[in-house]
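S.K.: Any chance you can model this:
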Amino acid sequence: MAPGERSQKRKSQSFMARVSQIWQKYATKDMLVDLIFNPKYLWVSALFFILAEIIVNIYIIQKIKYTEIDWVAYMQEVEGVVNGTWDYTKLRGDTGPLVYPAGFVYFFLGLYKITSNGANVRLAQYIFAAFYIITLVLVFRIFHKSRKLPPYILIFMCCTSYRVHSIFVLRLFNDPVAMMFLYAAINLFIDGYWGVGSLIYSLAVSIKMNILLFAPALLLAYLRCLGFKKTILQLTICAAVQVLLAVPFLMANSFGYIKQSFDLGRVFLFEWTVNWRFLPEEIFVNRWFHLVLLVLHLVLLCTFAYTHWDRYLVNYATLQGIGLETEMACQLLVLPLFVSNFIGVAVSRSLHYQFYVWYFHSLPYVLWSTQFSVTFRLLLLGVVELCWNTYPSTWWSSGLLHACHLAVLTGLFLNRPTNKRTERLKKALEKKE
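M.R.: Numbering: from 1, shown residues only. Predicted coordinates:
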């Protein structure tokens, strides 16, 4: 063996010896338990799963067949803009007219250019894999800052999410893009960057309207944390983004743009519903049924705003006012946003399979905000996953999904803020002073 090779071997052995010494020093039984159960160390598991997900997504793209659903239609819709059509009523694809706001057009127009006019689907898949990783990083950061979830929950989020991986890298829907921007906005909100957060939030809305499900809790957060005047400023930012993005379309046909991109009365096809399969189709498409769901949505929002969110956000504003940054403070802001969205999903007029990403990543957080046992929480996660992976949906899968949603809402409602929690907050404030 040459002298240089012996020297290199000794260095390698020395390095491995140091690694072994460090492992033996710190890898105690308590530490291993902490890495599995202690929310403080969730970031360690997060790093591991981020690296693992990079490999998994590459494998999925290379080995599992891509299924065309909406990508070609997206490309056809934005191609109309490339060809000089700004009238929204004339922008169409194979699946029908363009029904998303202007931000969708610009974002997918960029993808259109990058992917050779949409022809390079494999490149698009890798771009969406990057979106998936970015989304995980943003979600894991929220989890880490809030110290709410045990590290082992990431196993269930990453290893059982067949449907979510499919939505991102095998279907290329716009839903995950909107959610990526949404989680970026929440990260900015919890860091105190309200103006930039509002801008990113509005960009998310401009890609798909489901992001408005977070709006009721966000509006209350503006009012409680920033006051009336600054709330007006945040709403102005949100509105300005929508108007600026829409200017060319508004100039071409303002009524057509507003009607088509923000159509709240759109009727979904019964054949694709995940959550109402147990109903007769004539009830599903009935306007009175939609009206009942709307009233139920408003009642649930008002109830939770009164019984939960208002106190959470007032306490959050108090903690922020004295500069006390704690995991409790983060939880007080994040939970109303996630629950507001969950309520919207639970009473939605129709859920399609790609809509699973609307609440998939926030569902563990919501469940860990109940007083259910760990076993029951994991059971609910498993049953929800089963329902979303039953294709086509059946009467029992849609009924079971509603049963899970009802159980979660009940658990959240019963875990109301109490005087005991308020006392703990007062003690924290006194300690700070």
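
S.K.: For the one helix or strand residue 125 maps to, what is the distance to the chain centroid?
M.R.: Assigned by DSSP states H and E, residue 125 belongs to helix 121-146. Distance of helix 121-146 from its chain centroid, counting by CA atoms, centre = their mean, to the nearest Å, is 11 Å.

S.K.: Can you give me the buried ones in that helix?
M.R.: In terms of neighbour count (16 or more other CB atoms under 10 Å), helix 121-146 has its buried residues at 121, 124-125, 127-129, 131-133, 135-146. In this view, the C-beta of every residue, glycine as well, is placed from N, C-alpha and C.

S.K.: packing partners for the following helix or strand past it?
M.R.: Note on helix 121-146: by DSSP H and E, the next helix or strand toward the C-terminus is helix 153-159. Other elements packing on helix 153-159 under the criterion 3 or more CB pairs under 8 Å, 6 or more residues apart in numbering; DSSP states H and E are helix 42-63, helix 363-367.

S.K.: CA-only coordinates of the following helix or strand past the longest one in PDB, if you can.
M.R.: Heading C-terminal from helix 42-63, the first helix or strand you meet, by DSSP H and E, is helix 71-82. Extracted as PDB, the C-alpha positions of helix 71-82 are listed here (Å, rounded to 0.1, in the frame of the first residue of the first chain):
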ATOM      1  CA  TRP A  71     -51.800  19.500 -17.100                       C
ATOM      2  CA  VAL A  72     -52.600  19.700 -20.900                       C
ATOM      3  CA  ALA A  73     -55.700  21.700 -20.100                       C
ATOM      4  CA  TYR A  74     -53.700  24.100 -18.000                       C
ATOM      5  CA  MET A  75     -51.200  24.500 -20.900                       C
ATOM      6  CA  GLN A  76     -54.000  25.100 -23.400                       C
ATOM      7  CA  GLU A  77     -55.600  27.800 -21.200                       C
ATOM      8  CA  VAL A  78     -52.300  29.800 -20.700                       C
ATOM      9  CA  GLU A  79     -51.500  29.200 -24.400                       C
ATOM     10  CA  GLY A  80     -54.500  31.400 -25.200                       C
ATOM     11  CA  VAL A  81     -52.800  34.300 -23.400                       C
ATOM     12  CA  VAL A  82     -49.500  33.600 -25.300                       C
END
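
S.K.: Helix 71-82 - contacts with which helices or strands?
M.R.: Partner elements for helix 71-82 (3+ CB pairs under 8 Å, 6+ apart): strand 92-93, helix 102-114.

S.K.: Residue 237: which of those is closest?
M.R.: Proximity to residue 237 (CB to CB) singles out helix 102-114 among those, at 14.3 Å.

S.K.: starting at the chain centroid, how far to that closest one?
M.R.: The answer for helix 102-114 is 21 Å, by CA atoms, centre = their mean.

S.K.: which outside residues touch it?
M.R.: 74-75, 77-79, 81-82, 91, 98, 118, 123-124, 127, 174, 177, 203, 205-208, 242, 245-246, 249, 257, 261 (CB atoms under 8 Å, 6 or more residues apart in numbering).

S.K.: Apply 6 Å and report the result again.
M.R.: 74, 75, 78, 81, 118, 174, 203, 206, 207, 245, 246, 249 (CB atoms under 6 Å, 6 or more residues apart in numbering).

S.K.: Residue 342: how many residues sit nearby?
M.R.: The tally of other residues near residue 342 (other CB atoms under 10 Å) stands at 24.
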